[in-house]
Every structure is written in C-alpha cells, then in structure tokens.
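*Asks:* Curious how this folds, go ahead:
(one chain, ligands or ions: 1)
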Amino acid sequence: MNNKEREQRVRDFEERLRTARADAERRGETFYPGASGVALAAYPPKERWDDWVEMDSRAWPQRKEKRYMLVPTTCFNCESACGLLAYVDKDTLTVRKFEGNPEHPGSRGRNCAKGPATINQVTDPDRVLFPLKRAGERGEGKWVRTTWDEALDDIAARIRKAIVENRHNAVMYHVGRPGEDGYTERVLAAWGVDGHNSHTNICSSSGRVGYAFWMGLDRPSADHANADVIFLISAHLESGHYFNPHAQRIVEGKHAGAKVIVLDVRLSNTATHADHWLAPRPGSEAAILLAIANEMIQTGAYNRDFVRRWWNWEEYLDQETPGGEPRFETFEARLRELYANYTFEYAAAESGVDEGVLREVAAIVAGAGTRLSSHVWRSAAAGNLGGWQVSRCLFLLNALTGAVATEGGVFPNAWNKFVPKPIYSPPHPKTWNDLTWPVEYPLAMHEMSILLPHLLEEGRGALDVYFSRVYNPVWTNPNGFAWIEALSDPAKVGLHAALTPTWNESAYFADYVLPMGLASERHDVHSYETHDAQWIGFRQTVLRAARERSGQTIGDSREANPGEVWEENEFWIELSWRVDPDGALGIRQYFESKDEPGAKLGVDEYYRYMFEHSVPGLPERAKAENLEPLAYMRRYGAFEVRKKIGALHEEPVPEDELVDVAVDRFGRAYARSERPPTPNVVPLPSPLPDAEGRRPVGVRIDGRIVRGFPTPSGKLEFWSRTLADWGWPEYALPGYVKSHVHPDNMEPGQMVLVPTFRLPTQIHTRGGNAKWLDELANTNPVWIHPSDAARLGDLRTGDLVRITTETGHFVVKAWVTEGIRPGVVACSHHMGRWRLDDNGQKQIMAKVALDRADGAWAMRRTAGVKPYASADPDTKRIWWSDVGVHQNLTFPVHPDPVSGMHCWHQAVTVERAHPGDAYGDVHADTHKAHLVFRKWLALARPATQHSPDGNRRPYWMLRPLKPPVATYKLPGGAEPVKNP
Ligand code: SF4
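*Replies:* Next comes the predicted model:
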C-alpha cells in the first residue's frame, strides 16, 4: 500500500466510524470505537505515544483494554536500522511487542519480518543473561558465572600491559555488524591501538572498492523511488543492503512505471518482480555491463556533456600520450576503441544469456537518461575474483548516462548520510597493524579479516586480547576450522572476550562470554543512505527510557535490562577507566564528563552533547516541541537533517575557502584556507596537500571551482591513477576480469556453487532463537536444475548429495528446481548452525561432534532440533528438526588480490552422497586450506614491490582508523617504485 492509499483508507475508516457512532447514538446504545480509535492502516499518532490503548489478545474473548507507552528504538537485525516502536506495557513495564516507527525517515513505519521478531530475541529462553567465564579448556563447554567487575579487571589489565609495553597490535576488536557510526573506532583511537577488524572482506570489499575507485566513496546511494530504470545485481528486494528501506522505494518506483532489471543466477523473490530477469553464468556480469556500455558508446547514446565535464579523461589521455593536446573528441574516439570488443555476441557467449535479451536491456538502460538507479553490494561482486570490476562496470552505466547525484540516479553514499561529531574525537593511532592490513594488500577495502588464522599460523603476530562483537568468525568466515585452531591456542590468542547477546559457534572458544544488549537494550546513533536525504536514528534502552518517562532515575542500562545484560557504550567507558585508572596514559580524558570534570562520562551526557552541538536543526525542532534535543530523540527515535541533497559536486566552493588558489593542469584546485571543509557536505578522504602545502578544495569545471567528488582528481575516475600506480595498470579502466569460476578455470565435471545468497527472514547468526523466523526458514537445501539432477543420476528433491570443494566436502539435501541456472548450484548461508553441548540456541542449532586428526576435521550431527521445555511454551511446539548444513567450513580463503574480498563462489563436484555419508556431515582439511591461501597470496602485488610513494597504502583511501601519514611509511624505508 502506498501513502496515498493508506491515507484514503484512514479517511474511509473515519467516515465509517462517524456513521457507526451516529447509528449507535440513534439506537441509544453505548458506542465502542475500538481500543485505539484509529484505522488499522494508521500508525499510532505520536501525540498518543504516552498512553496508547489496544485490546489484550490474551484476554480473548473478553474485551480487555491494555495501555502502552510507545518508546522508539532502531532495529539491529540488519544494517538498515529501521525504526521500531516498543510497546511497553504500562502495568508491568515490560516490552510486549515491536512495530514500525512512522517517524523514522528511512523506514517510514515499515519493517521486514525481522524487525518485529526482535521480541523473540528479547524473550529467548536460551539467551546469555550473565557474564560467563570459561571453567575448562576452550571449547570444552564448561562455564561459570562471573561478575562484570572480574571480567573488566582481567581484560583491562591485559590491555594496559600491552599498551605500556608498546605491544599495541596485541589488542584487537573484531566486529561483524557495527550497527553504529564511529563509537568504537573512537574507543580504539583513545587507546592508541590500530586494532579495528571488520567483516567487510566477507561481505562487501569488492562492491565497495569498485565504487571507491570511481567516486572516492565506497557505496552507492540509489534513488530508486524516482528512477525510470532500476538495475539490480542482487536479490535487493528481499535481502539487499538497506533491505526494507530500499525495497519499499524500489516498489514505489515500479508502481510509478520504472522498469526493473535483475541479474541473479536464481529466480529469487527479487527476480520474480523484475521486468527483465537475466541469469548469467556466475562471474560474467561485468561482460554484460560492458556490452551495454559499448552499445551506448558506439551509438553515441551517452550523456556527452556529463562525460566531458566530470570524467577524468584529460588525466587518462595524458598518461596515454604524455604532453598531447587533451581534446574531448580524441578521448571519445579512444573510448570507442577501448570497448569495441565488448559486443553483445561476446557478452552472450560469456554469460549464456541470449543476445537479443541483452540488446533489449541495453536499449532500456540507454533510455533511462539521468533516472537510472543501480545497485550491487554482495552478489556477483562478492562471489568472484575481480568482482570489484562488477561494481566499477555497473557505475560506468551511471557515469555514461549522467545519472549521478540526480533525481532517480545514484549518489555517493556520504552525501545521503549524516555522522554527528561526538563529544571527544581522539587522534587516530600512530601504529599500523600488519595482522589486519598486511603489506600484500595495499588497496584492500577494508581489513583482511579472513586471513587472521593464516597470519597467526605464520607467526606474523599474536593477540593478547581479542574481542569478537556481533561476529562469529568460526561459523561465518571461510575455513572455520582454522579459526577454531587459532582461538583454541593461547599462544595465538591470549584472551578472547565474546561480546554477544546470544550463544554462537565462536563464543564456545572464548574465555569470557559477555552479554550485550539487543535492539531495545542499548544505545547507538547511526545514519544510512536509504534515499536522497540525511537522517540520524537513535537506538536506546527502551525500558530505561520508559522508566525515566515515568519519573524514575536509572543509573546504567543494566538496571533496566534483563539479567545483567549491558550495552557496549557503558562497557567501553568503564573498561577504558580501568585501563587507565589515574589518567596517566592519556586515555581516561576521553571518557570523562565535561559537565562534571573528573567524573565518568555517561551515555546521557554523551548523546546530549552530540544532539545539542552536532546535528543542525535538531535543537530548533526539539524546542518547537518544548523538548531538549536528547529528550526529542528519546521520544521520536530519529531526525531528518536534510532532504533532497542534490548534486553537491556542482556546488561552488565558497570564496573564503579560496585563499592562494592553485589549479593543476587537470583542474584539481588547491587552496590555503584554514577553514575546514563544511562537514557532512563533501567529505574529502584525507586529502594530501600539494607541493606547497595547499589542501585540495575542489575542481575547476568550465571555469568555475566547484566541490567535485572526493577522489584524488576531484572528478569521477574513469581511469584510476591509484590502480595504475599501485601495480594494476591493466585494470585501471572499468573492465572484465575472468573469475576463478570462469569455465576456463574449471576442471571437467565441476559446477559453480553460489553460497552467497541470504534468506530474507534470517539474521546471520544472531537470529538464533527468533522463533517466528525459525518457523519461516529453517533449512538450506542445495538448488539444482532438473537437467543437472538428471545428469547426476536422477536426483530427486530430498536426496542427499555430497558437495566437494578444494579442501573438503559437505552433505546436504537437494532441491530440484527450474529456478536456477543449469550448471550452477546454490546454497543459502544463514543455515547450518551447530552447538557442542547444551549451551546454545536450541531452536536452530543442531548438536554436533567434532573430530580432529591434525588438520583433518570432521563434524557429524548427533541430534537435530526438537521440542523442549522452557519459560516459553512455544518451545514445546517446535515442529522442525532440520536446521541446514554448515557449508562455509569447507571453503578455503580466496582473497581477491586487489580488493581483499573473499571470493565466495566455489568450483565443486556434486554427486549423490556416498555410502556412510550422513546429512550434515562436514569434512575439511586446514593444511590444504593453508596451501590454497598461499596460492591466492601469490596473486597479490605487495606494497613493498609496487608502492609508488614508499607508503603501505594510498593515503586517500578509506580506512576505519586512519593513522597519521607518517605511519603509512613502509618499514625499512622501502623505496618508491615506478610501475610500468
Ligand atoms: S530491513 Fe528488517 S531487519 Fe533490517 S533493520 Fe529493517 S526491519 Fe530490521
């Protein structure tokens, strides 16, 4: 239902209400308008959030009213951070349910199934409620309850010792879903450790870096609602990044007449909504995109003026013909030559998609003009060697049509995102962590997380304190058995603290399991590029907010949360005080109150300061409602800072920034202004000054100095000097890299396994006991086309198949379906959760036994899921027993040599299960996996051999923690290299 239809429904309802009231009055009866007195299509009006009335469903058939206080927070079940309203029962002060927050600009009151399922997570009878300490060996399953004080003192002492002994790199914080903007980076910066590790290279490194080479920023912000053509290389409608906020806008665009093009090897729920569904051979997507681009180039059907003004074609021509006259016509002629070989015929041969279909799609794209929205994030970018060229080639279509920062086009993400400055911004560390940023991957985006067990194995470092947070590397990463080996070895990992609200496979190998809050039990601020606007969302401890609204005073969030569940904000403040109790290390100052010098900073002050000082328009808006900014955010949960941001790259640089301007021959403008660039307008990615010390402020286009893009050149970089200078000149232009699963690289009889797709109703490993979601999705059969099933011995749905990778095999059930391309099999991640003992999420984790002979590991299922008694009567009603198979254990690492992305697709053999095979069996060899790591490592072009400036990494490229430029110098003073 769109907004107009919704409003009409409300009006119809009100009309019916008036008629019904009048009828009742005529009959002399008491009229009951329903508990809330509003249409089901309407959201609770915000004026009534203090006292909202609904019928108590449990009192049925009695008509009993229940009174609620509605308290906003944000969902933590994917990165979108949609708004939620917690319905807090006013009698019991407990949360009864979660629904959408209509005041949230990104989600506009809507959620996917995972949002309301937050209540399942909150009431999960198996969740971790108290800090636990290991009582046996790691992985032995013996735990005792401990106190926060003991855990904090133990961890803090180790961190302090590492810092004092100058072993900063021994401290690592490894995060999966951050769910916040910058808080923890701030903590690590205050400690002076370059210890941030992420999940990016199992998720989006390639998607990101392809965009970053073009526009300086690493994410697209697509304006789907206003597009004429929506081009998706993913299952974006059901499980994409910013899933629900984007899905609702894609549907709006479609309703308004937009054509939807989807490239997906599966007939996903997204493909079913497409006007054109193309199922290309995995890894051939860039060839299709280049054929579309070539057609536009050869026929002149591109936005010539946009290309002339905004592409760095002069820089490209200069390196082709140094000193030559940079004429645009010369470039156009060169462009035609460059892409002439990418014909539809070639793309059809590579992709297996009919040539006529490609022509049809190309015509639609070319006709989109500046209203072409497009998106790739994981999918083909995450599956393939060279997958980063998929995002580079997709954006090429936007760059050709000029659909960049236009209505219906694609924006650089930071233009549609707002990150408020926190109360303190400690300088970033002066150390470089080679375990996360190894010299072999100077262009990686971001940390080389998947390599950690290999680098520890090779003695490149050791960890004294390792935090895992919203992350489960044993289960999520490839080669999980190597993670078990590393996490079980105290010489490699001295102490592992798992910060997690639920049990997970990695927590079994921790020393402490520390319970952290769910979406309604913690504070975070975040902002995401859901559409052409800037907003902030505020996650909060809802029972604390409810109790404070009722006049109570709450100390820290543990007082309001179940058990001793805490939140990271307060945890990090407390830990930092214990690392530096007297302030001598210079750390404590960043965690002290400004209001009360010498006292500990609290979350109220932290966010009050931020909302009062760093969010334009919020204090005024709050004042209009007689509220302080913090109270406004606690009441509404979100604030829209600006909308319709538009073409920031075209904004003139203000005169007062243009002091002592110098413009280089390609138009890059530098100035000496002391005034910092306007925050949150066009973030320049740590630009380096020119030879005279001026900083880049913009770019000269047609005689005017305008902001431009945050790239080194200030323009859209069709030709990437960064790639050319850092050892990859052959890939400096958008191009096609043959994947590691290209037919040329496969052995006879092998098939491609696509393991990257998500189930729309699961939450990685945090779904756990979300019972509504588990009932919807609880297995991951392998999709197999009927022609392949017949070839493999008349396989039927439900038959067991053995899938063999480079390092092992797993046994899974077949699902024979025409919804998959022949020659390809696909198996969803999310599924195949396991536990070693009775600790764990019993609704979705099978019990397994592990067996190890040196590097050869075997896992066998000993019990599936079954009904059990708990505080929740529904656990006795569990009807499913199958929870899928853990395939990632059998994958070795495949680090892309440019982006660092783990290239997920696997060349596999598929066959009927062998005698003795059992469902859920997993075998893998970590020694073999290490050899595969070495093979892929050999593809890398290390900074030591290719750095053009003696640095480890181009300084302009994004990095969550950004050490000062001097720290970028390669050890041993390696000389700059002039690459051919
Ligand atoms: S898309 Fe779904 S899971 Fe993601 S934040 Fe929104 S409601 Fe939560």
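*Asks:* if I look at residue 250, how far off is residue 417?
*Replies:* From residue 250 across to residue 417, the span is 19 Å (C-beta to C-beta, to the nearest Å). To be clear about C-beta, it is placed using only N, CA and C from the backbone, and glycine gets the same treatment.
*Asks:* helices or strands next to the helix or strand of the chain with the lowest mean pLDDT in the packing?
*Replies:* Taking mean pLDDT, DSSP states H and E as the measure, the chain has helix 236-239 as its least confident helix or strand, at a mean of 75. In terms of contact count using 3 or more C-beta pairs under 8 Å, 6 or more residues apart in numbering; DSSP states H and E, helix 236-239 is assigned the packing partners helix 243-255.
*Asks:* Could you pull out the buried residues of the helix it packs on?
*Replies:* Judged by neighbour count (16 or more other C-beta atoms under 10 Å), helix 243-255 contains these buried residues: 243, 244, 245, 246, 247, 248, 249, 250, 251, 252, 253, 254.
*Asks:* Could you say which helix or strand holds the residue lying closest to residue 197 once chain neighbours are set aside?
*Replies:* In space, and not counting its chain neighbours, residue 197 is closest to residue 174: 4.1 Å by C-beta to C-beta, 6 or more residues apart in numbering. In this assignment (DSSP states H and E), residue 174 forms part of strand 171-175.
*Asks:* Which strands and helices lie in contact with the following helix or strand past that strand?
*Replies:* Proceeding C-terminally, strand 171-175 gives way to helix 183-191 as the next helix or strand, assigned by DSSP H and E. For helix 183-191, the packing partners by 3+ C-beta pairs under 8 Å, 6+ apart come out as strand 171-175, strand 196-197, helix 568-579.
*Asks:* Tell me the strands beside the second one, with direction?
*Replies:* According to DSSP bridges, the neighbouring strands of strand 196-197, each with its direction, are strand 171-175 (parallel).
*Asks:* Dump the strand it pairs with to CSV, keeping only the CA atoms.
*Replies:* Coordinates of the C-alpha atoms in strand 171-175 are reproduced here as CSV (Å, rounded to 0.1, in the frame of the first residue of the first chain):
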residue,chain,number,x,y,z
VAL,A,171,44.7,-5.8,21.1
MET,A,172,42.1,-6.5,18.5
TYR,A,173,38.4,-5.7,18.3
HIS,A,174,36.7,-7.7,15.6
VAL,A,175,33.2,-6.5,14.7
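*Asks:* quick one, that strand and helix 183-191 angle?
*Replies:* The directions of strand 171-175 and helix 183-191 differ by 170 degrees, with axes from the mean of the first three to the mean of the last three C-alpha atoms, to 10 degrees as the criterion.
*Asks:* Please state the offset of strand 171-175 from the chain centre?
*Replies:* Using C-alpha atoms, centre = their mean, to the nearest Å, we find the averaged C-alpha position of strand 171-175 to lie 17 Å away from the chain's own average C-alpha position.
*Asks:* quick one on the thing from earlier: among the helices and strands packed on helix 183-191, which comes closest to the ligand?
*Replies:* With C-beta to the nearest ligand atom as the criterion, the ligand lies closest to strand 171-175 of the helices and strands packed on helix 183-191, at 17.2 Å.
*Asks:* The closest one - what's its average pLDDT?
*Replies:* Averaged across strand 171-175, the pLDDT comes to 97.
*Asks:* And it, what's buried?
*Replies:* Residues 171, 172, 173, 174, 175 are the ones in strand 171-175 that count as buried (16+ other C-beta under 10 Å).
*Asks:* Run through these and flag the ones next to the ligand.
*Replies:* When C-beta under 6 Å from any ligand atom is applied, no member of these is adjacent to the ligand.
*Asks:* Need the buried residues of helix 243-255 in a markdown table (columns: pLDDT).
*Replies:* Conversion of these to a markdown table gives the following (pLDDT from 0 to 100):
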| residue | pLDDT |
| --- | --- |
| 243 | 85 |
| 244 | 91 |
| 245 | 93 |
| 246 | 93 |
| 247 | 93 |
| 248 | 93 |
| 249 | 95 |
| 250 | 95 |
| 251 | 94 |
| 252 | 95 |
| 253 | 96 |
| 254 | 96 |
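*Asks:* filter those down to the ones close to the ligand.
*Replies:* Applying C-beta under 6 Å from any ligand atom to the buried residues of helix 243-255, those adjacent to the ligand are 243, 244.
*Asks:* Of the buried residues of helix 243-255, which is the nearest to residue 153?
*Replies:* Of all the buried residues of helix 243-255, the one sitting nearest residue 153 is residue 243; the distance, using C-beta to C-beta, is 40.9 Å.
*Asks:* in terms of contact, does the closest one touch residue 78 like I think?
*Replies:* Yes: between residue 243 and residue 78 a contact is recorded at 5.8 Å, counting by C-beta atoms under 8 Å.
*Asks:* Near the ligand, which residues of this protein? Just list them.
*Replies:* For the chain, the contact set with the ligand under C-beta under 6 Å from any ligand atom comprises 75, 77-78, 80-82, 107, 111-112, 114-115, 243-244.
*Asks:* Pull out the buried residues from the helix ranked longest in the chain.
*Replies:* Of all the segments of type helix in the chain, defined by DSSP state H, the longest one is helix 3-27. Neighbour-count burial for helix 3-27 flags 10, 13, 17 (criterion: 16+ other C-beta under 10 Å).
*Asks:* Tabulate the residues you listed in TSV, adding columns for pLDDT.
*Replies:* Listed next are these as TSV, based on pLDDT from 0 to 100:
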residue	pLDDT
10	75
13	77
17	81
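*Asks:* Out of those residues, flag the one nearest to residue 629.
*Replies:* Lowest distance from residue 629 to these (C-beta to C-beta) belongs to residue 10, with 30.8 Å.
*Asks:* is it fair to say residue 537 lies in a strand?
*Replies:* Yes: secondary structure of residue 537 (DSSP: H, G, I helix; E, B strand; the rest coil): part of a strand.
*Asks:* Can you list the low-confidence ranges for this protein?
*Replies:* For the chain, the stretches with pLDDT under 70 are 1-3, 6, 40-41, 674-687, 973-980.
*Asks:* if you set the cut-off to 50 instead, what comes out?
*Replies:* The chain contains residues with pLDDT under 50 at 679-682, 980.
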